[in-house]
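1. Mind folding the following:
(one chain, ligands or ions: 2)
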Amino acid sequence: MPTALILVGDDQRVVAANQAATTLFGLALEGRSCSAFLRHPEFLNGLDACLHDGEKRTARIVMTAPAGETHLALTFTGLSAGRDRHVIVAFEDLTALEHAVAMRRDFVANVSHELRTPLTALVGFIETLRGAARDDPGARERFLAIMERESGRMIRLVNDLLSLSRVEAEERRRPAEQVEIVGLLRSALATHRDQARAAGVELRLEAGEAPVTLRADADQLMQVFHNLVENAVKYGGSGKEVVVRVSELEREPVLRGPAVQVEVIDRGEGIDPLHLPRLTERFYRVDSDRSRAKGGTGLGLAIVKHIVNRHRGRFRIESEVGKGSRFIVILPAG
Ligand SMILES: Nc1ncnc2c1ncn2[C@@H]1O[C@H](COP(=O)(O)OP(=O)(O)OP(=O)(O)O)[C@@H](O)[C@H]1O
Ligand SMILES: [Mg+2]
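-> Ligands and ions are numbered 1, 2, ... in the order given. Sure, this is the predicted structure:
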């Protein structure tokens, strides 16, 4: 039985417990008094009442431990064996479910918030254009430019959300195309030349002469390096140089086989180690005002992580404040 179960006698001692219950409470339960291993009033009252009248009942409790909270749904079922009354208590672990519900809630709140800001701006400017700025061509141009920028941001957000959900939907299916990655990187860099030049950044590709082929989805890999190079220019541009380096690894310890490593390196301001573990979360931005001002939605690295997962690869971020950052994508070769 995957559900944790205990059988309790009318002296409130555990008569029998299954393996799942032992694992849940981390100790052997047989013979113990219930109040000794779970001093939760909902549990003890439910048990007491069920021993008394044999009626089935349920309860919800949260166990707190240093490792985190465990949400449990309890079911008490009365059982008569001869003259003795017994109760079976089932503990169903709802932690993963609660977590998923909380994530969905956060996600909806984040998306709504990201859309509300540009929409509020649009509505405000439409009102102004109809009223105060009606006969002012200068103001009209200015406001239309802002409206264009805000609409562009919403389109980008929606596109990013769509590609994220597409990647997630296919995450279990490994891509089957053969892709030559050096050429792909060359064209990814080419699309950022203008942006880099405008920011005074030199883009450099460091790769050998020979082609490097691997099993991949070309469009998705393009998106990965597009996002990483865009970030490097946008946030690491003060270093004046962004390097994309390709190396072939004979044996990658975690992937346990040959791999291709692509590093996107900038010498900009770097990222505080505090933020590193959360950087690939959706909507996570180090400095959200600044990133938003640059048109960012905080989805770029989440998309990168999911695409790399789909390729059964690894994604790592190293950074040092004041020195720059290194975003490392490792993909299985062959
Ligand atoms: N090379 C970098 N140097 C410094 N900070 C970075 C770098 N790359 C990413 N970041 C930080 O990580 C955050 C998350 O990046 P991500 O690409 O996920 O979102 P974004 O760039 O804000 O928005 P989007 O990519 O969706 O347009 C950024 O807001 C930025 O603060
Ligand atoms: Mg980005």
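
2. Up against ligand 1, what does the stretch 151-300 of the chain have?
-> Neighbours of ligand 1 within the stretch 151-300 of the chain, by Cβ under 6 Å from any ligand atom: 160, 227, 231-232, 235-236, 266, 268, 271, 279, 285-287, 291, 296-300. The way it works is simple: take the backbone N, C-alpha and C, and place the C-beta from them, glycine included.

3. can you do 5 Å?
-> The stretch 151-300 of the chain comes close to ligand 1 at residues 231-232, 235-236, 266, 271, 285-286, 291, 296-300, as judged by Cβ under 5 Å from any ligand atom.

4. Is ligand 2 within reach of the helix or strand where Glu141 lies?
-> Secondary structure from DSSP states H and E places Glu141 in helix 137-169. No - Helix 137-169 lies apart from ligand 2 when judged by Cβ under 5 Å from the ion; the minimum separation is 9.2 Å.

5. Quick check: residues of the chain near ligand 2?
-> 231, 300.

6. Which residue would be the closest one in the stretch 151-300 of the chain to ligand 2?
-> The stretch 151-300 of the chain approaches ligand 2 most closely through Gly300 (2.9 Å), counting by Cβ to the ion.

7. Enumerate every residue touching that residue.
-> Neighbour list for Gly300: 160, 227, 230-231 [criterion: Cβ atoms under 8 Å, 6 or more residues apart in numbering].

8. got these as a markdown table, with neighbour count and secondary structure columns?
-> Below are the contacts of Gly300 laid out as a markdown table (neighbours: other Cβ atoms under 10 Å; DSSP: H, G, I helix; E, B strand; the rest coil):
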| residue | neighbour count | secondary structure |
| --- | --- | --- |
| Asp160 | 20 | helix |
| Asn227 | 21 | helix |
| Glu230 | 20 | helix |
| Asn231 | 24 | helix |
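
9. list the buried ones in stretch 105-117?
-> 110-111, 114 (16 or more other Cβ atoms under 10 Å).

10. tell me which of the residues you listed is nearest to ligand 1?
-> Within these, the smallest distance to ligand 1 is 10.0 Å, found for Glu114 (Cβ to the nearest ligand atom).

11. where does the stretch 1-150 of the chain dip in pLDDT?
-> Scanning the stretch 1-150 of the chain for pLDDT under 70 picks out the ranges 81.

12. ok and the residue in it nearest ligand 2?
-> Glu114 (13.9 Å).

13. so is that residue in a helix, a strand, or just coil?
-> Classification of Glu114 using DSSP: H, G, I helix; E, B strand; the rest coil returns helix.

14. count of neighbours near the closest residue to it other than its chain neighbours?
-> In space, and not counting its chain neighbours, Glu114 is closest to Leu157: 5.7 Å by Cβ to Cβ, 6 or more residues apart in numbering. Burial measure for Leu157: 20 neighbouring residues, criterion other Cβ atoms under 10 Å.

15. for the one 5 residues further on, same thing?
-> Here the neighbour count serves as a burial measure; for Leu162 (other Cβ under 10 Å) it reads 10.

16. Tell me the spacing between it and ligand 1.
-> The gap separating Leu162 from ligand 1 is 13 Å, by Cβ to the nearest ligand atom, to the nearest Å.
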